[in-house]
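> Build me a structure from this.
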Amino acid sequence: MATNGGMTADDVVMVSAQLGRPVRGTRSVAHRCVCGAPDVVETAPQLDDGEPFPTLFYLTCPKAASAIGTLESSGLMREMQDRLAQDPDLARAYRGAHEDYLQRREAIQTVDHIAGISAGGMPDRVKCLHVLAAHALAAGPGINPLGDEVLALLPQWWLTSPCSQRFPEGD
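So this is what the prediction gives:
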């Protein structure tokens, strides 16, 4: 049975367990891990309480998030930022990712307070690898070049213990 805008009751339970809190504003599962568990959710541009929420794609898998955190602490964002400033083709592709993000969010709802603001630092900065990876997973390869790079650098986190076995199933 589908609930919460395209998420099953089991998805809601699993994502809540992944986040360690009840889900808010989630519309659907935007991507599933190889193990079958949700790893990216699509979030409403405006939460039920009226708060604008610019992060359309939200990474929920704690194992993937931890692996990305390791990449962030390695200095990868600074290196990507430097390349972005020096490589006009990369900058153009990253701007395209920003525009893709905005178009997807606008197709759901226009929220004036966050108009023109995507996430992850796009289009000029590299601010959050988690958001860039979530966008790359949700949109597919070739849309977010830096998100694709992050995914290519990640270990296969699902191999050590399937994510789906770490979280309870819904009733």
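
> Quick one: classify the residue nearest to residue 148 when sequence neighbours are not counted as helix, strand or coil.
Nearest non-adjacent residue to residue 148, counting by Cβ to Cβ, 6 or more residues apart in numbering: residue 136, 5.1 Å away. Heads up, the C-betas are built off the backbone N, CA and C, glycines and all. Assigned by DSSP: H, G, I helix; E, B strand; the rest coil, the conformation of residue 136 is helix.

> hang on, isn't residue 136 packed against residue 143?
Yes. With contact defined as Cβ atoms under 8 Å, residue 136 reaches residue 143; the gap is 6.7 Å.

> Same drill for those two, tell me which one is more crowded.
residue 136 (25 against 17; other Cβ atoms under 10 Å).

> Now do the helix or strand hosting residue 95: which elements does it pack against?
Using DSSP states H and E, residue 95 sits within helix 88-108. Judged by 3 or more Cβ pairs under 8 Å, 6 or more residues apart in numbering; DSSP states H and E, helix 88-108 is in contact with helix 76-86, helix 129-139, helix 145-153.
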